[in-house]
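> give me coordinates for this.
(chains A, B and C)
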Amino acid sequence: MKPAPFEYYAPTTVKEALAHLAEHGWDAKVLAGGQSLIPMMNFRLAQPSVLVDLNSIPELFYIRPDENGGLLVGAMTRQNQVEHSRLVAERAPLIQGAMPQLATPQIRSRGTFGGSIAHADPSAELVAASVVLDGRFRLRSHSGERWVPAEEFFVGMFTTLLEPEELLVEVALPSMPPRSGWSFLEVARRHHDFALVGVTAVVTLDERDRCQQARLVLFSVGDGPVLARGAAQVLIGQSPTPEAIRAAAETAATADIDPGSDIHASAEYRRHLAAVLSRRALTQAFERAMSNT
Amino acid sequence: MSNLFNVTVTVNGTRYERTVEPRLLLSDFLRHDLGLTGTHVGCEHGVCGACTVLFDGEPVRSCLMFAVQANGHEILTVEGLGTIDDLHPLQKTFQEAHAVQCGFCTPGFLMTLVPFLEGNPNPTEAEIREAISGNLCRCTGYQHIVDAVKLAAERMRT
Amino acid sequence: MTKKYLGQRMTRTEDPRLLTGQALFVDDVEIPGMLYAAFLRSDYAHALIRSIDVSAAQNRPGVVAVYTAQDLGDFWQHGPPLVPAPHSVEGVVFHSRTQVPLAKDKVRYVGEAVAVVFAESRYIAEDALEEIAVDYEPLETVADLERALEAGAPLVHDDLDSNMASHLVQRKGDYAAAREKADLVIKRRIVIDRGAAGAMENRGIVAHWDEKSQHLTMWDTTQAPIPVRNGLAKILGLSESQVRVIAPFVGGGFGPKIMMFLAEEVLVPWGAIQLNRPIKWIEDRRENFFATTQERGQTHDAEIALTRDGRILGVSHEFLHDTGAYNPYGLTIPLNTQSHSMSAYDVANYYSDMKVVFTNKMITTPVRGAGRPQGIFLMERLLDIAAKELGKDPIEIRKRNYIPPDAFPYNHEIIDQAFAPLVFDSGNYRPALEKAAAMIGYEKFVKEEQPRLRAEGQHVGIGIVSFVETTGVGPYEGSRVTVEASGKISVATGVGTQGQGHFTSFAQIVADQLGVSPRDVRLVTGDTSEFHWGTGTFASRGSVVAANAIHAAAKSVRAKILRLASKALETPEEELELDDGQVRVADIPRQSISLGELAVLANPLRGAVEPGTEPGLEATAYYGPQYGATASGSHAMIIKVDPETMMVEIKRYVAVEDCGTMLNPLIVEGQVHGGVALGIGNSYYEQLIYDDNGQLLNASLADYLIPSATEVPRVEVGHEETRSPLNELGSKGAGEAGAIPVPALFAQALEDALADYNVEILEAPMSPNKLFELLHGKEKEQ
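Sure, this is the predicted structure:
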């Protein structure tokens, strides 16, 4: 399982990297942590003719606070850096809740925060987390830059809004509003496997302890992360009783998603898991929200 | 057709300079170009962990890196951990606890566990199992490996 | 006092080399000028080959040669059948079809080799594979066992009139009559599916032909270096003495590495001779799923007949066994299934109709357990279902039916995998069951803990099963023991080692006989130039057959030592003792001579060696058991399941095993742990998933789920010991026992955990998805 030949560039600045992408367009693939790309190359499922390696670009490795209580994460920041960062623990505890379920320790020491997001695997924890936290992605090309909300970024299986000459350079994660609670749950066959189904939630209570906002994202349920708007509708303005949560979970599982079947789980089993995990995630998130008041 | 790149890398304290194709996997480079065959290859897709080495102190799967990416970096393989006459405490306890059967997965476990114990000198059984969840062993059922880690941790603390 | 090493929990002599990365595995072999092989494998499970165009591949820089079947000329032959038909059984039907080095007109399974490339690097060889153009005409495939036997099914082998490779019926007593008398007959369909061995090291071969000395050296991950050498010599038209096969350290065997003369094992040495260059082939993990043998696929329609107090009157089953596209390994696996379908019980009436079916899938050959898990699963499931119906608990019904300890040797009156009568040499099954129950706290759990946890809403269950395991089969193994001038001992034997600790456990045997430390005994295994008579490491026989040969050889050397020392020390043999590398006169320690000195005396540079004697202190001995020894045991498990997510957690696992005399308990425990881990894989995680087109859908370690440290519990091991009367050491095999009963146990415990759902688990492996379907096909019963 040896990869096919390729041209290789290891730029040391973002500008250099963007120049390569501009030159090669679709022929070029970006190499971040390589934990998803290199297995595909070894299987020869991916045979890029040009590889642009970002691992020698120091300006892409950082975790910074932003002025609004949120976080800015450089795209190449290693997953294990994020996992153990105190800043992340304070400002995005949901991310730290997600990290231990992301593959294995060795994968996390090389895999990158932005790489996982740009790869857009429907089972990726960081993909779902960035959507549930209402994050934004900074995309840069040789001709300029733009910000894209996470909610809009993932458009299909392994497909994002990234143009061939664009690089994801930064992820901005806002802080959760006050009176919020979060949850991150997944079910996997072995501890570190891709999720059969995963659910992550951020809920916010108003002054009367009713649901002001509910963001519920399901992953590994189709082509990409699904923001369960139907479920949210059920909850907003309501008291988060077990009945309301159950109804929201049912809506998420039956109306918001349309999972497929594969060798590990049938569509029915996925729907069932979606309902169970949505219920558990919402329950936990609301409990946390209550205790944050 | 393929362009060649110079790689200067320090492995187990020794500096090596080689010229390689960019697609040469780090695992193959270590094993065949440098002759350090202690690192083993079990899957080449990042699941089994047999190829784990330390890259700038962090445990990585050498089958998921290209040798060119090691240019300017430091690697520690199992050969750098200890010798037959001077075993690392973990190597000693692996023998004492019968944590080695066929031995193929063993170097990968050792290189995963060394940084783990550095970061967590008094781990629980659950933490140990979590730490090695990315290393597959078909022979031992993991139990004696866990025992070896506990014993080594105890000794390394005193 | 002479120290005793046999039975000690000695740490292993070989470990430091393995721990420091200094042990030689096949891929570590580097020879100047070496070429690398890659095989083009069929993407179709069943197709005609219209044409193959290798020209582009041949012209690629760095490619030295590309061969297809046409290029092999007379060399193209079907492989030898490794296990023949059991002609001793009346009415057996057996069609032998063995694999070919490269597919000629048709491919019969995904992964079948179609062409081979030899190039300057594996990278280039794989590039070349992509440039080979094969024009396939796809044919209809048969993947399902029953459909394969339907009239009009596509034929895997066109010269046969069906896909039935073999039909064999075995009988004991009269099941039909027994059934008439039964108070209860349980009838079920039981389905078991394929799993892989999944050794961490894939297969590999390095072949080095020395043109000047006309000698072939081959490093091979084989479990059977001697038969490989003998067979290859014949295939290549060489004398056996021109071929040396070395199995160095091997990263796990588990069965498939004993399959011989698959394409690679034949073409790599052939290529080395053709091209006069050393050739290396290292299987990658993807190939391993397609090109290495596997097994477990069977479908049983089974019945058990019992009295109302739970006594088994008889068992009957018709089953289909999946052999894949060829059947070089004969009936070994399904015969093992038959041998174990009565498990540990006194079953007077047994009927078994076995049909072996060709399918368009990879060839099946033994994987740890080798057909035994299927037989045990069958019996233990039927018994558990009967127990429920009769209101008996699993312990009670087993005790009622065990072969009693005074009934050994117990002849089952059917034949086993060696075509010999299935005779259990010894055993005592109740103590193992009772010990397992005591260790897990069975009664307390059922009476106190389980009700309490259930009241809290938890779904926890307990299971306990028994099993037997035929081990230590012949034909024989041999060994040579030599005392060297240094006083150290060297031992050679033909079996190879894939992690079982032979270098240590076998040394312990020799150490006891010769009064030395096991650390001073150097063992060579698996090198045909060191020892060339024997078969290999399989069927849990190393600790029986090879061990007893070593024991016999060591005893002979001991006798020679005493005879010579008696002369040298002028003292009768009875007054001598061997200890610490010396021969001493008892009670007069100053009167001694070292083994090294004796060795020199025995091999003089001057003088005469007595006629009728041999020089040196060396002996070669063989051991061939009349029939195999039967190991046994009981496993118990407490499992927790979340019926909403289908996720399970094994809370406790107890394994009580009886492998007779243990050579080294530490090593035995390691074998049990590893076997249980594989068994857990076979229960809930691992399944080779083929679709109807014979395509393997999960050919990677990301999708074929080998349990990791977070899925395998602590295994508490208990021992019972019924020594085998068949060999001097009293040993039985221990290599496969851990794996054999696990799926049966898992099913029982899971059913118990989900008692309120009242489900029946009749297949292995299970999976979360299958459990979901089982639970949602039933109404929860209050």
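> elements contacting the host helix or strand of C:Ile333?
Using DSSP states H and E, C:Ile333 falls within helix C:332-340. If contacts are counted by 3 or more CB pairs under 8 Å, 6 or more residues apart in numbering or on different chains; DSSP states H and E, helix C:332-340 sits against strand C:164-172, strand C:312-324, strand C:349-358, helix C:372-390, strand C:410-415, strand C:460-471. To be clear about C-beta, it is placed using only N, CA and C from the backbone, and glycine gets the same treatment.
> hey, where'd the helices end up in chain A?
Assigned by DSSP state H, chain A shows helices spanning A:14-24, A:37-42, A:79-83, A:86-91, A:93-98, A:105-110, A:113-119, A:125-132, A:150-153, A:229-235, A:242-251, A:267-291.
> with distance to chain B added, can I get those in JSON lines?
Below are those laid out as JSON lines (distance: least, CB to the nearest CB, whole Å):
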{"stretch": "helix A:14-24", "distance to chain B": "14"}
{"stretch": "helix A:37-42", "distance to chain B": "4"}
{"stretch": "helix A:79-83", "distance to chain B": "7"}
{"stretch": "helix A:86-91", "distance to chain B": "15"}
{"stretch": "helix A:93-98", "distance to chain B": "15"}
{"stretch": "helix A:105-110", "distance to chain B": "4"}
{"stretch": "helix A:113-119", "distance to chain B": "12"}
{"stretch": "helix A:125-132", "distance to chain B": "15"}
{"stretch": "helix A:150-153", "distance to chain B": "25"}
{"stretch": "helix A:229-235", "distance to chain B": "32"}
{"stretch": "helix A:242-251", "distance to chain B": "29"}
{"stretch": "helix A:267-291", "distance to chain B": "21"}
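> on the three-state scheme, the closest residue to chain A within chain B is what?
Proximity of chain B to chain A (CB to the nearest CB) peaks at B:Gly134, 2.7 Å away. What DSSP: H, G, I helix; E, B strand; the rest coil gives for B:Gly134 is coil.
> report whether the expected contact of it with C:Ser708 is present.
Yes. Counting by CB atoms under 8 Å, B:Gly134 sits close enough to C:Ser708 to count as a contact (7.5 Å).
> interface residues of chain B facing chain A?
Contact residues, chain B versus chain A (CB under 8 Å from any CB of the partner chain): B:1-3, B:5, B:21-23, B:25, B:28, B:44-46, B:49, B:52, B:55, B:58-61, B:63-66, B:68-69, B:71, B:112, B:116, B:130-131, B:133-134.
> in strands, which of those residues fall?
Counting by DSSP state E, the residues of chain B next to chain A place B:Phe5, B:Thr52, B:Phe55, B:Glu58, B:Pro59, B:Val60, B:Arg61 in strands.
> what pairs with the helix or strand of chain C with the lowest mean pLDDT, and is each one parallel or antiparallel?
When each helix and strand of chain C is scored by mean pLDDT, DSSP states H and E, strand C:588-594 comes last, with a mean of 87. Sheet pairing here is set by DSSP bridges, and for strand C:588-594 it gives strand C:582-585 (antiparallel).
> burial measure for C:Phe94, as a count.
Applying other CB atoms under 10 Å in any protein chain shown, we find 18 residues neighbouring C:Phe94.
> which strand residues bridge it?
C:Ser166.
> quick revisit: please identify the buried residues of the least confident helix or strand of chain C?
Within strand C:588-594, the residues scored as buried using 16 or more other CB atoms under 10 Å in any protein chain shown are C:Ser592, C:Ile593.
> right, and the helix or strand after that strand?
helix C:595-601.
> buried ones in the next helix or strand after that next one?
Next along the chain after helix C:595-601, taking DSSP H and E as the criterion, comes strand C:618-623. Using 16+ other CB under 10 Å as the test for burial, strand C:618-623 gives C:Glu618, C:Ala619, C:Thr620, C:Ala621, C:Tyr622, C:Tyr623.
> just the residues you listed now: which is nearest chain B?
Nearest member of the buried residues of strand C:618-623 to chain B, counting by CB to the nearest CB, is C:Tyr623, at 24.6 Å.
> which residues does that closest one contact?
The neighbours of C:Tyr623, taking CB atoms under 8 Å, 6 or more residues apart in numbering or on different chains as the test, are C:Tyr476, C:Glu477, C:Gly478, C:Val545, C:Ala546, C:Asn548, C:Ala549, C:His551, C:Ala552, C:Asn727.
> do the same with C:Glu716
C:Met439, C:Ile440, C:Arg652, C:Tyr653, C:Val654, C:Ala655.
> try C:Lys106
C:His46, C:Ala47, C:Leu48, C:Ile49, C:Leu139.
> most neighbours among those, which one?
Highest count within these by other CB under 10 Å belongs to C:His46, 26 neighbours.
> hang on, isn't that residue packed against C:Glu137?
No. Look at C:His46 against C:Glu137 with CB under 8 Å: they stay out of range, at 10.1 Å.
> nearest spatial neighbour of A:Pro11, skipping sequence neighbours?
A:Ala17 (4.4 Å; CB to CB, 6 or more residues apart in numbering or on different chains).
> quick one, grab the pLDDT at that neighbour.
On pLDDT, A:Ala17 comes in at 98.
> that one and C:Ile593: what is the separation?
Applying CB to CB, to the nearest Å, the value for A:Ala17 to C:Ile593 is 77 Å.
> who's in contact with residue 140?
Answering for chain A, as no chain was given. A:Val14, A:Leu18, A:Glu166, A:Leu167, A:Val169.
> wait, I meant chain B there
B:His98, B:Ala99, B:Val100, B:Gln101, C:Gly670, C:His673, C:Gly674, C:Ala677.
> my reading is that it is in a helix; is that accurate?
No. In this structure, B:Thr140 is coil, not part of a helix, as judged by three-state DSSP.
> pLDDT wise, what is it at?
98.
> cool, the one 4 residues further on as well?
The per-residue pLDDT reported for B:His144 equals 98.
> now do the SS call for it.
State at B:His144, reduced to three classes by three-state DSSP: helix.
> name the nearest residue to it, ignoring sequence neighbours.
Per CB to CB, 6+ apart, closest to B:His144 is B:Ala99, 4.3 Å.
> where does the one you found fall, secondary structure wise?
Judged by DSSP H and E, B:Ala99 forms part of no helix or strand.
> redo the contacts of C:Tyr623 as TSV? Include pLDDT.
TSV is the format used below for these (pLDDT from 0 to 100):
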residue	pLDDT
C:Tyr476	92
C:Glu477	94
C:Gly478	95
C:Val545	92
C:Ala546	93
C:Asn548	93
C:Ala549	95
C:His551	96
C:Ala552	96
C:Asn727	91
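> chain B: which of those residues is nearest?
C:Ala546 (17.2 Å).
> rewinding a little: most neighbours out of the contacts of B:Thr140, which is it?
Most surrounded of the contacts of B:Thr140: other CB under 10 Å gives B:Val100, at 32 neighbours.
> I figured that residue hits C:Arg17, correct?
No. Between B:Val100 and C:Arg17 there is no contact under CB under 8 Å: 10.0 Å.
> so what pLDDT did the residue of the stretch 151-293 of chain A found nearest chain C get?
When scored by CB to the nearest CB, the stretch 151-293 of chain A has A:His191 as its residue closest to chain C, at 3.7 Å. pLDDT, A:His191: 91.
> now do C:Glu781
Per the predicted model, pLDDT is 42 at C:Glu781.
> excluding covalently adjacent residues, which one is nearest to the residue of the stretch 151-293 of chain A closest to chain C?
C:Thr710 is the one closest to A:His191 (CB to CB, 6+ apart), at 3.7 Å.
> next, C:Ala115: phi, psi?
phi -150, psi 160 (degrees, to the nearest 10).
> OK, contacts around residue 44?
No chain was given, so I picked chain A. So A:Arg44 contacts A:Met1, A:Pro3, A:Ala4, C:Glu126, C:Glu130 (CB under 8 Å, 6+ apart).
> meant chain B actually
Contacts of B:Glu44 by CB under 8 Å, 6+ apart are A:Met1, A:Lys2, A:Pro39, A:Asn42, B:Leu25, B:Ser27, B:Cys63, C:Asp284, C:Arg285.
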